[in-house]
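Q: have a look; sequence and predicted model below, questions after that.
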Amino acid sequence: MKRRQALTCIAASIAAPAFAQGSEWPAAKPITYVVPFTPGGSTDVVGRTVAEKLAAALKQSVVIDNRPGQGGGIGASYVAKAPADGYTLFGGTISTHAINASLYKNLSYDPVKDFEPVALVAFLPNVLLVDPNLGVNNVQDLIALLKREPNRRTFASSGNGTSTHLAGEMFADLIGVPLTHVPYKGTPPAMVDVAAGQVTFMFDQMTAALPLLQGGKLKLLAVTTGKRMALSPNTPTMIESGVPGFEMSSWQAIYAPKGTPRPIVQRLSQEIARALKQPDVQDKLGRQMGMEIVAGGPEELAALMAREIPRWAALVRKSGASAN
């Protein structure tokens, strides 16, 4: 009995500091929310919107840290190695947590083993964008131009391995025209070059394209989802535009490093879901930016990844796309 009591006291003395430390969360220090792309893109907009709401709910600062590059891989690798203490969050996407798993031969992180799913934020369509001065009015006009001048034409993306990259590869494959991919370290610089006529076209989220579309700097030709989006109901889908089989949606999600305590993950998930249901967030991300807000929990996000990783692996193999 004395031995059992002694072991119980030792266990309690070991567990007490850990419990005390965990119970302080999130009071100990600000939370860092890593966005793996440049400011201004969809992931950045989601991150800043959620960070503001989380800070108010948790009564702790949530600081955005943009770490762009390698299709989101640089930021993802950083978070994968961060302490699992609830003070680091990651703005994950279809690129970082589905496409990169097969696109990169030597990926520096494991999308499943290195992360705790926290929240599935939203689905969002990609759209096909061109320079208004390109002289094309629809997808068929663009295809005709690409077929006439395949060696002169390029497409931009927000980085190797992003959904915008794979959308371009899929398009080139479906229309039978080999095209040169020009990767950027994020959406804004890529869009600027498309608007300037430096690159022929790109696929990207409606969220990021809106300012340039409204300013007449870009032209919208089609949406990549299976049905038209409410934000632009007159814009046809790629399938309606004569490209059978072209259907895809991007998604936004939030993760924490693997091993983050379950109570912290659950609290974060609950607060993020509450934030996403607030009217101002619904208006900003949904009605203004065309996102389909989901506010799903860890289990829903894990199930999505289980479907998406093999799906994109098949598309990567078919397209022959690769990145280093």
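A: Sure, I can see it.
Q: show the pLDDT at Gln21.
A: Each residue has a pLDDT score; the one for Gln21 is 43.
Q: an error on my part: the question was meant for Ala167.
A: pLDDT, Ala167: 92.
Q: ok, it touching Ala222?
A: No - applying CB atoms under 8 Å as the test, Ala167 and Ala222 come out as separate, 10.9 Å apart. Every residue, glycine included, has its C-beta placed from N, CA and C.
Q: give me the buried positions along stretch 274-287.
A: Ala275, Leu276, Val281, Lys284, Leu285, Gly286 (16 or more other CB atoms under 10 Å).
Q: mind checking how far the fifth one is from Gln278?
A: As judged by CB to CB, to the nearest Å, Leu285 and Gln278 stand 10 Å apart.
Q: next: the fourth one.
A: The spacing between Lys284 and Gln278, counted by CB to CB, is 10 Å.
Q: widest-spaced pair of the buried residues of stretch 274-287?
A: Ala275 and Gly286 (13.0 Å; CB to CB).
Q: as JSON lines, the buried residues of stretch 274-287 with pLDDT, distance to Ala208 and secondary structure would be great.
A: Output for the buried residues of stretch 274-287, formatted as JSON lines (pLDDT from 0 to 100; distance: CB to CB, whole Å; DSSP: H, G, I helix; E, B strand; the rest coil):
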{"residue": "Ala275", "pLDDT": "98", "distance to Ala208": "21", "secondary structure": "helix"}
{"residue": "Leu276", "pLDDT": "98", "distance to Ala208": "19", "secondary structure": "helix"}
{"residue": "Val281", "pLDDT": "97", "distance to Ala208": "18", "secondary structure": "helix"}
{"residue": "Lys284", "pLDDT": "92", "distance to Ala208": "14", "secondary structure": "helix"}
{"residue": "Leu285", "pLDDT": "92", "distance to Ala208": "12", "secondary structure": "helix"}
{"residue": "Gly286", "pLDDT": "88", "distance to Ala208": "16", "secondary structure": "helix"}
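Q: so what's the residue nearest to Ala323 when sequence neighbours are not counted up against?
A: Distance criterion CB to CB, 6 or more residues apart in numbering; nearest residue to Ala323, sequence neighbours excluded, is Asn160 at 3.7 Å. Residues near Asn160 by CB atoms under 8 Å, 6 or more residues apart in numbering: Gln70, Gly71, Leu103, His181, Pro183, Ala323.
Q: repeat that with 6 Å
A: Counting by CB atoms under 6 Å, 6 or more residues apart in numbering, Asn160 touches Gly71, Pro183, Ala323.
Q: continuing past the host helix or strand of Gly47, what's the next helix or strand?
A: For Gly47, the enclosing helix or strand under DSSP states H and E is helix 42-58. Counting by DSSP H and E, the next helix or strand C-terminal to helix 42-58 is strand 62-66.
Q: just the CA trace of that following strand, in PDB.
A: Provided in PDB are the C-alpha atoms of strand 62-66 (Å, rounded to 0.1, in the frame of the first residue of the first chain):
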ATOM      1  CA  VAL A  62      -3.500  36.200 -32.700                       C
ATOM      2  CA  VAL A  63      -0.600  37.200 -34.900                       C
ATOM      3  CA  ILE A  64      -0.500  36.500 -38.700                       C
ATOM      4  CA  ASP A  65       2.800  35.200 -39.900                       C
ATOM      5  CA  ASN A  66       3.100  35.000 -43.700                       C
END
